[in-house]
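Undergrad: Show me how the following folds:
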Amino acid sequence: MDLPPERKEQVRTQLRQQAQEEQMPFISMFEQEGYDRGKKEWLLKGIELGLKLKFGPDGLAMLPALQAQPDLSLLQRAFDALETASSPDDIRRLLP
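TA: Model (predicted):
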C-alpha cells in the first residue's frame, strides 16, 4: 500500500521528531570514563613533550608524579602552565 505524498511527509516528520525526542541528552557513565581516559592520555603526552623540550631531564623527572594524578583539572592546569613556566618547580608547585 502506498501513501499519498502529503501523508508520507507527515509520517517522516513524526518519525524525525520522535527520534530527536528519544535521543539521550547526556553520555553514559562508560562513555564519560572513556572520554576522561583519553583526555588524560593526551594531556600527559602534551605535558611530557613540554617538559622534555623546555626543561630536559629535570622536567621529565616529575612525570611519574603527574601520571599518578587522577584529577584532570590539575593536569589541565599543568599543561597550561608549561607555556609560561620558567622552571620545573613552577609545575611542581601545582601538585598536591
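
Undergrad: list the contacts for the residue most central in space within the chain?
TA: Nearest residue to the geometric centre of the chain (Cα atoms, centre = their mean): Lys39, 3.6 Å. Contact analysis of Lys39 by Cβ atoms under 8 Å, 6 or more residues apart in numbering lists Leu72. All C-beta atoms are positioned from the backbone trio N, CA, C, and that covers glycine.

Undergrad: Which of the helices or strands spans it?
TA: If you go by DSSP states H and E, Lys39 is part of helix 29-55.

Undergrad: Surely Lys52 is in contact with Asp58?
TA: No. At 10.2 Å, Lys52 does not count as touching Asp58 under the criterion of Cβ atoms under 8 Å.

Undergrad: ok, residues contacting the strand or helix carrying Lys8?
TA: Secondary structure assigned from DSSP H and E places Lys8 in helix 5-22. Defining contact as Cβ under 8 Å, 6+ apart, one finds that helix 5-22 is touched by Leu3.
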